[in-house]
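**Q** predicted structure and sequence below. I'll ask about it afterward.
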Amino acid sequence: MNDKTMNKRNFFLLWQGQMVSALGDALYTIALNFFVLEKTGSTAVMGTVMALVTIPRIICGPLSGVIVDRTDRKKLIIFGDVIRGLSILFIAFAANRGILEIWMIMLVAVVSGICSSFFNPAIESVLPDIVPEQNITKAASSYQIATTGADILGQSAGGSLYTLVGASVMFLIDAVSYLFSAATEVFIQIPKVKRKNLNFTFWDDFKDGIRFIFQYEGLVRTIIIAFFINFLFGMIRVLIIPWFTYSTHLGMAKYGILNAFQSAGLIIGMVVLSFINIKQEKKYRIYIISLLVFITSIGVGAFFNQFAVILAFFFVAFGFQFVFNTLLNSTIMVKTPADQRGKVLASKTTLCMAVSPFGNFLGGVLCEFVDARKLIIINAVVSIVIVLVVLLNPKVKEFLNSEEKLSGNSDT
């Protein structure tokens, strides 16, 4: 089997395994959110559960990147899926027996977050090694098409399935999807990375990943924006649920449809990026425009009561979300040396996601006192101002438009 055929096989195995687990995750997330809201009647508790998935990723993020660069990435990927599958299988069993408590959900949320903190940088680190550099953006788009297509199916059916079969069956589907994904990942062949600086300690590697990022002002500024966007989306993830649940003209079924339209928007963004190559000198302009359209569309969509109008604006928003996310992630993947990619990507994720659980928690608490739609609009306005202040800078343009590799020796 030649290298080209092997790479296609490896990518396909990764692609289909994640597609299946994405479907299970979509069903699990909807079932979990509604289950917690019904059981406690508190948006604050629901926001706390969401935050508990993210907090371990923030705490473990830099360490996980170091481990990804030092360890067999295939084993990390398989192990992450197996642990999450077994944990959620326990949740499904407890829910079926009627003994599921909030503390159990919180415990599994923490376990899932820890697994994700290792799994995600491992996947991101592997992709450039099994796909030719010139096809990274297209491969990332194709990968996301599969997972988001599954997400669309899960999100659109989730609200109705919850009323038909209940939380325990939806939890079981997610558990099985993770275990299936792990089984297929056994057959992936991932090249070993030759590490430099073998005498480095874990602490040295941690500092090296952070130091690498902070040498590039353009990269730092994009991470600052991702930080605030994740705060916005962290709140929105919580706020949309009570907005739809407690609005008589909306409800759980329409919440599922909204999620499907969001995912459909992502699919359109993926399809566009899978068929076109964005010229290097236009990446900065497209990044800025897509980011502003994303924020504005969410803010404007929250102004309206008409469900069709809300769907249209959120569809547009998430189509552009995929564009700016993919441009940033693919740029970092390509520019970062292979032996440093794991810790750099993990450090980037940690820095970007650090505020997300605070958004989850704060959104849940504020929603006890302030209308959810008003909070969404306020966040959108503040985010637009921050984007304009931080990103209208020549260093950001240079980072996104330049073909120069990041060497770790830049002076800014």
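**A** Looks like it came in fine. Keep in mind that what you see is a predicted model, and the values were worked out from it rather than measured. Numbering: from 1, shown residues only.

**Q** list phi and psi for Ile276.
**A** Phi and psi for Ile276, reported as degrees, to the nearest 10, are phi -120, psi 150.

**Q** can you pull out the strands in the chain?
**A** Assigned by DSSP state E, the strands in the chain number zero.

**Q** and the longest helix for it?
**A** helix 3-40 (DSSP state H).

**Q** just how off-centre is that helix within its chain?
**A** Relative to the mean C-alpha coordinate of its chain, helix 3-40 is positioned 12 Å out (C-alpha atoms, centre = their mean, to the nearest Å).

**Q** list the buried residues of that helix.
**A** Judged by neighbour count (16 or more other C-beta atoms under 10 Å), helix 3-40 contains these buried residues: 7, 10-11, 13-15, 17-37. C-beta coordinates here come from the backbone N, C-alpha and C atoms, glycine included.

**Q** same thing with stretch 373-391?
**A** By neighbour count on 16+ other C-beta under 10 Å, the buried set for stretch 373-391 is Arg373, Leu375, Ile376, Ile377, Ile378, Asn379, Ala380, Ser383, Ile386, Val387, Val390, Leu391.

**Q** now, these that are in helices?
**A** Arg373, Leu375, Ile376, Ile377, Ile378, Asn379, Ala380, Ser383, Ile386, Val387, Val390, Leu391.

**Q** could the residues you listed go into TSV alongside pLDDT and distance to Ser402?
**A** Formatted as TSV, those follow (pLDDT from 0 to 100; distance: C-beta to C-beta, whole Å):
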residue	pLDDT	distance to Ser402
Arg373	84	41
Leu375	86	38
Ile376	87	36
Ile377	88	36
Ile378	87	36
Asn379	83	32
Ala380	87	31
Ser383	85	26
Ile386	87	24
Val387	86	21
Val390	85	19
Leu391	86	16
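
**Q** nearest to Ile276, of those residues?
**A** Ile276 lies nearest to Leu391 out of those, by C-beta to C-beta, at 22.7 Å.

**Q** ok, Phe12 to Met19 distance?
**A** Relative to Met19, Phe12 is positioned 10 Å away (C-beta to C-beta, to the nearest Å).

**Q** over to Ile123?
**A** Distance from Ile123 to Met19, by C-beta to C-beta: 13 Å.

**Q** over to Leu250?
**A** According to C-beta to C-beta, Leu250 stands 29 Å off from Met19.

**Q** same thing with Ala253?
**A** Look at Ala253 and Met19: by C-beta to C-beta, they are 25 Å apart.

**Q** what does Ile298 give?
**A** Ile298 is 26 Å from Met19, where distance means C-beta to C-beta.

**Q** can you check Ile83 too?
**A** Distance from Ile83 to Met19, counting by C-beta to C-beta: 20 Å.

**Q** then Ala380?
**A** The gap separating Ala380 from Met19 is 31 Å, by C-beta to C-beta.

**Q** show me the shaky parts of the stretch 1-150 of the chain.
**A** Applying pLDDT under 70 to the stretch 1-150 of the chain flags the ranges 1-8, 53-54, 57-58, 61-66, 69, 124, 131-149.

**Q** and for the spatially closest residue to Val111 that is not a sequence neighbour, the neighbour number?
**A** Nearest residue to Val111 in three dimensions, chain neighbours excluded: Ser87, at 4.9 Å (C-beta to C-beta, 6 or more residues apart in numbering). By the criterion of other C-beta atoms under 10 Å, Ser87 has 19 neighbours.

**Q** cool, Pro394 as well?
**A** 10.

**Q** could you do Asn277 as well?
**A** For Asn277, the neighbour count with other C-beta under 10 Å is 10.

**Q** and Phe180, by the same measure?
**A** Counted by other C-beta under 10 Å, the residues lying close to Phe180 total 17.

**Q** settle this for me: Tyr178 is touching Val82, isn't it.
**A** Yes. Look at Tyr178 against Val82 with C-beta atoms under 8 Å: they come within range, at 7.4 Å.

**Q** more crowded one of those two?
**A** Legend: neighbour count by other C-beta under 10 Å for Tyr178 and Val82, higher for Tyr178 (27 against 17).

**Q** what's near enough to touch Leu37?
**A** Applying C-beta atoms under 8 Å, 6 or more residues apart in numbering, one finds that Leu37 lies in contact with Thr43, Met46, Ile241, Pro242, Thr245.

**Q** format the residues you listed as CSV; extra columns: distance to Val396 and neighbour count.
**A** CSV is the format used below for those (distance: C-beta to C-beta, whole Å; neighbours: other C-beta atoms under 10 Å):
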residue, distance to Val396, neighbour count
Thr43, 36, 23
Met46, 36, 28
Ile241, 34, 25
Pro242, 36, 20
Thr245, 39, 17
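
**Q** next, give me the two most distant ones among those.
**A** Greatest spatial distance among the contacts of Leu37 (C-beta to C-beta): Met46 and Thr245, at 10.1 Å.

**Q** for Phe320, see how far away the nearest residue to Ile384 once chain neighbours are set aside is.
**A** Take Ile384 and drop its neighbours on the chain: the residue closest to it by C-beta to C-beta, 6+ apart is Ile295, 5.4 Å away. Using C-beta to C-beta, we find Ile295 at a distance of 9 Å from Phe320.

**Q** for Arg237, same thing?
**A** Using C-beta to C-beta, Arg237 is found at 18 Å from Phe320.

**Q** tell me which of the two has more neighbours.
**A** In terms of neighbours (other C-beta under 10 Å), Phe320 is the more surrounded of Arg237 and Phe320; the figures are 23 against 19.
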